[in-house]
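**Student:** Task: produce atomic coordinates for the following.
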Amino acid sequence: MSTKTLPERGDTHEQGTARPEQSVAQGRRRFVLRDTARGRQARAAWILAAPFLALFAAFMLMPVVWSLLMGLTDTKSADLRTPLNVSFVGFDNYVRLFADPQFFTALRNTAVFVLVALPLTLAAGLAAAVALDRGIRRFRAVFRVGFYLPVITSIVAVAVVWKTLLEPRAGLVNLVLGWFGIDGPAWLSDTRFALPVMIVMAVWRNLGTVMIIMLAGLQSVPQSLIEAAELDGAGPWQRFWRVTFPLLRPALLLTAVTTGIGYLQFFDEPFVMTDGGPLDSTLSATLYAYKQFGNGNYEMASAAGYVIFVLIVALTVLQFRVLRDKD
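**Tutor:** Have a look, this model is predicted:
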């Protein structure tokens, strides 16, 4: 018969206490290894992000901070060689800015441009999207390209072409009007027509972006909801207004915010076509800041830039409050 040797009491106690200690040691070793791996990943991530962070700090963050400081000092173009010799003036530049009648004219022109062009652009883009989604059956791709082509065209090229078309004597627009016995005005030299012409051009150029986004929103509307509303007796307008349009709120918010930000900064059109004239009727806030910078008034240009920034933030917050999904 085989005999089994029973472990002594001391051996049993040592084995019973060794297992928890080994598990704790192994757990600590795994934690250290895991922590070391995370550290290596974090270091690798920072190394890969370092070039972008350096470029962002040098060309974005530092200019923003420096322009903010310039708006609080009396920095002129002559102070570039000795930037530390400028004086801190606080908010005096902003007081001077709002005391300048030309700046108020620029703000008024910008407000008119945004308040008129933004709704027209959204409405025209939505109408084009609905037509492409339901109305136009043939050559749909051609119409999409035609509507979107002005978006990808250089704004400077577009402005030059429009300026040529609107020439009072040799322009195509007045030439066509002359065929019908209409004497066309000097579109860009008349204070009554210069800004409306730029509004029309902005709507024509930007409705393609709104159309593409709205078209994607229309195609994402469940067809079952449209069919259910039709079975309930809803007409085409009721189906669109009560079913389709509420589901387009995210697309409408996106286009309203991006287009509104662009319109508050409109610069290329007046710069190329009228240089802010005639009689400052097309002078925008950004063009005003540009001219102040060109005249060496860096402190006024910086202050005007931050006023535009505040207006952009205010308009964006307002749009989010009005157009965001209520759910």
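**Student:** Need the CA coordinates for stretch 111-127. CSV is fine.
**Tutor:** Extracted C-alpha coordinates of stretch 111-127, given in CSV (Å, rounded to 0.1, in the frame of the first residue of the first chain):
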residue,chain,number,x,y,z
ALA,A,111,-25.2,94.2,-41.4
VAL,A,112,-27.3,94.9,-44.6
PHE,A,113,-25.2,92.4,-46.5
VAL,A,114,-25.6,89.6,-43.9
LEU,A,115,-29.3,90.3,-43.2
VAL,A,116,-30.2,90.3,-46.9
ALA,A,117,-27.8,87.8,-48.4
LEU,A,118,-28.0,85.1,-45.8
PRO,A,119,-31.7,84.4,-46.0
LEU,A,120,-31.7,84.7,-49.8
THR,A,121,-28.8,82.2,-50.0
LEU,A,122,-30.5,79.7,-47.7
ALA,A,123,-33.8,80.0,-49.6
ALA,A,124,-32.2,79.7,-53.0
GLY,A,125,-30.1,76.8,-52.0
LEU,A,126,-33.0,75.0,-50.5
ALA,A,127,-35.1,75.6,-53.6
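**Student:** residues of it that come out buried?
**Tutor:** 113, 114, 116, 117, 118, 120, 121, 122, 124, 125, 126 (16 or more other C-beta atoms under 10 Å). Bear in mind the C-beta positions are built from the backbone N, C-alpha and C, glycine included.
**Student:** looking at it, the third one is touching residue 200, isn't it?
**Tutor:** This means residue 116. No. Taking contacts as C-beta atoms under 8 Å, residue 116 lies outside contact range of residue 200: 9.8 Å.
**Student:** that older thread, could the buried residues of stretch 111-127 go into JSON lines alongside distance to residue 206?
**Tutor:** Listed next are these as JSON lines, based on distance: C-beta to C-beta, whole Å:
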{"residue": "113", "distance to residue 206": "12"}
{"residue": "114", "distance to residue 206": "12"}
{"residue": "116", "distance to residue 206": "13"}
{"residue": "117", "distance to residue 206": "8"}
{"residue": "118", "distance to residue 206": "9"}
{"residue": "120", "distance to residue 206": "10"}
{"residue": "121", "distance to residue 206": "5"}
{"residue": "122", "distance to residue 206": "10"}
{"residue": "124", "distance to residue 206": "9"}
{"residue": "125", "distance to residue 206": "8"}
{"residue": "126", "distance to residue 206": "13"}
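**Student:** Quick one: the residues you listed as CSV, columns for secondary structure too.
**Tutor:** Formatted as CSV, those follow (DSSP: H, G, I helix; E, B strand; the rest coil):
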residue, secondary structure
113, helix
114, helix
116, helix
117, helix
118, helix
120, helix
121, helix
122, helix
124, helix
125, helix
126, helix
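**Student:** Among those, give me the pair with the biggest separation.
**Tutor:** 113 and 126 (20.0 Å; C-beta to C-beta).
**Student:** could you check the distance from the residue nearest to residue 306 when sequence neighbours are not counted over to residue 84?
**Tutor:** Using C-beta to C-beta, 6 or more residues apart in numbering and skipping the chain neighbours, the partner closest in space to residue 306 is residue 71 (5.8 Å). Using C-beta to C-beta, to the nearest Å, one gets 17 Å for the distance from residue 71 to residue 84.
**Student:** the more surrounded of these two?
**Tutor:** residue 71 (23 against 5; other C-beta atoms under 10 Å).
**Student:** Tell me the spacing between residue 159 and residue 48.
**Tutor:** Counting by C-beta to C-beta, the gap from residue 159 to residue 48 is 41 Å.
**Student:** These two - which one has more neighbours?
**Tutor:** Remark: of residue 159 and residue 48, residue 159 carries more neighbours, 20 against 9, as counted by other C-beta under 10 Å.
**Student:** right, and that one touches residue 268 too?
**Tutor:** Yes. Assessed by C-beta under 8 Å, residue 159 is found in contact with residue 268 at 6.1 Å.
**Student:** Need phi/psi at residue 181.
**Tutor:** The phi/psi pair for residue 181 (degrees, to the nearest 10) reads phi 80, psi 20.
**Student:** Now do the contacts for the residue nearest to residue 306.
**Tutor:** 93, 94, 299, 302, 303, 305, 306 (C-beta atoms under 8 Å, 6 or more residues apart in numbering).
**Student:** pLDDT wise, what is it at?
**Tutor:** At residue 71, the pLDDT value in this model is 87.
**Student:** try residue 326
**Tutor:** 64.
**Student:** distance of residue 88 from residue 73?
**Tutor:** 6 Å.
**Student:** Those two - which one has more neighbours?
**Tutor:** residue 73 (19 against 9).
**Student:** Just give the number of residues close to the closest residue to the more buried one other than its chain neighbours.
**Tutor:** The shortest distance from residue 73 to any non-neighbouring residue, by C-beta to C-beta, 6+ apart, is to residue 86 (4.4 Å). Number of residues near residue 86 (other C-beta under 10 Å) recorded here: 17.
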